[in-house]
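*Asks:* Structure for this input, please:
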Amino acid sequence: MTTSDNAPALYLGLISGTSADGVDVALVSFDDGMPQLRAALTHPWPSALRERVLALAQDLSAFSLDTFGGLDVAIGRHFAEAAQALLDTSGTAGAAVRAIGSHGQTVRHRPAGENPFTLQIGDPTVIAETCGVDVVADFRRADVAAGGQGAPLLPAVHAMLLGQPGQTRVVLNLGGIANITVLGPDGMVLGFDTGPANGLLDAWCQEQRGEPFDRDGAFSAAGQIDGPLLEALLADPYFTLAPPKSTGREHFHLAWLLRQPRVALLAPADVQATLLELTAHTVADAIEAHAPAATDVLVCGGGVHNSRLMQRLAEWLAPRRVASTAIHGIDPDYLEATAFAWLARQRILGLPGNLPAVTGARGRRVLGGLYLAPRE
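*Replies:* This next block holds a predicted model:
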């Protein structure tokens, strides 16, 4: 049911990406439908809970139904804590927020096959009860039910904020998985996941160094790219699939890497350098194939802070300009969270949130379920 967009006009977006390196929270207002970031923060995961999240994302069979259900609630509580932290630090009353858009934590994404599905957890009823704000969640399943990939969902917001008539641009999101949005000069929008990004880099860094990520790409920069390992990784069939397509940690994870016997023969830094090259190579291939006329590649997500990765992307994509979305006044760390605030608003207004040209769905769909806060 469509409702009018009455005040209050603030929305809050929550997302933990494939790397599960923190819950990003964005407080967003809307002026003529355009999202404006008002405040943001990243709420860190407790290490024990993060380890459980990452383990679940790679081996669902290892968890009993009771364990799974308990983790759903624990993640919901953590998301609620993240939302409340931003409300508190920004001095915003919960009553001023129309709705919270919670992406949740993806633990499985299988949009192909006989019974396609996507699964994000983090009980939205817990968030609504704790924060006293209506919650919109479970954004991806309506698109999957309509024959789509359920991902990526950000291209609609990329087009609103970064599209430029008469110019072809690419928005590159470097999260756990890399995805691109192609913004055509005539308003055309295309988007898909290109393959792994921070997820594999972080996992190998954690495995070898006990550090959650490769700061500034220093670990990668200390190694040499191994041609045979890179060739073996590039042979994965995902890279040659035509869009629409999407993927996640259930495909590109540490065990996927360790299946390559050559890994054991190499210095750890050489493996890291090769993983970084895999990301740069597959992103560049995707852009060359689907946006050869692009003049700008605007980067968001955690990978924008990996100076070695940004350097290799610039080398691969020359003469295109590769730069952070910050050059257009858009915080690269909170664009995803901003998008889920926008998606929550779309659901409250009864408006569609997907782009069938991106996901492959049969048509536009209103995304997400609405979970009401207590009315006491």
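*Asks:* from here on, contacts and neighbour counts on C-alpha atoms
*Replies:* Noted.
*Asks:* buried sites along the top helix by length along the chain?
*Replies:* Determined from DSSP state H, the single longest helix within the chain is helix 65-90. Buried residues in helix 65-90, counted by 16 or more other CA atoms under 10 Å: 68, 71-87.
*Asks:* same thing with stretch 304-312?
*Replies:* By neighbour count on 16+ other CA under 10 Å, the buried set for stretch 304-312 is 304, 305, 306, 308, 309, 310, 312.
*Asks:* Might one say that the last one is in contact with residue 280?
*Replies:* Yes: proximity of residue 312 to residue 280 meets the contact threshold set by CA atoms under 8 Å, at 6.3 Å.
*Asks:* Which residue ranges make up the domains of the chain?
*Replies:* With domains defined by automatic domain parsing, the chain comprises 10-150+334-371, 155-319.
*Asks:* which residues of the stretch 101-250 of the chain fall in strands?
*Replies:* Taking DSSP state E, counting those that start in this stretch to define them, one finds strands in the stretch 101-250 of the chain at 117-121, 135-137, 169-174, 177-183, 189-196.
*Asks:* Tabulate those (JSON lines), appending distance to residue 28.
*Replies:* What follows is the strands of the stretch 101-250 of the chain, written out as JSON lines (distance: least, CA to CA, whole Å):
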{"stretch": "strand 117-121", "distance to residue 28": "23"}
{"stretch": "strand 135-137", "distance to residue 28": "15"}
{"stretch": "strand 169-174", "distance to residue 28": "20"}
{"stretch": "strand 177-183", "distance to residue 28": "22"}
{"stretch": "strand 189-196", "distance to residue 28": "23"}
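*Asks:* Mind putting these into CSV with mean neighbour count, mean pLDDT and distance to residue 330?
*Replies:* What follows is those, written out as CSV (neighbours: other CA atoms under 10 Å; pLDDT from 0 to 100; distance: least, CA to CA, whole Å):
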stretch, mean neighbour count, mean pLDDT, distance to residue 330
strand 117-121, 19, 95, 27
strand 135-137, 28, 98, 24
strand 169-174, 27, 98, 12
strand 177-183, 26, 97, 16
strand 189-196, 26, 98, 19
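*Asks:* wait, which of those strands is closest to residue 108?
*Replies:* strand 117-121 (5.2 Å; CA to CA).
*Asks:* Partner strands of that closest one and their direction?
*Replies:* Strand pairing for strand 117-121, using DSSP bridges, gives strand 97-110 (antiparallel).
*Asks:* Backbone dihedrals for residue 285, both of them.
*Replies:* phi -60, psi -40 (degrees, to the nearest 10).
*Asks:* and the gap between it and residue 184?
*Replies:* Residue 285 sits 18 Å away from residue 184 when distances are taken as CA to CA, to the nearest Å.
*Asks:* How about residue 346?
*Replies:* Counting by CA to CA - residue 346 and residue 184 are separated by 23 Å.
*Asks:* try residue 156
*Replies:* From residue 156 to residue 184 the distance is 13 Å (CA to CA).
*Asks:* Residue 134 now?
*Replies:* Distance from residue 134 to residue 184, by CA to CA: 36 Å.
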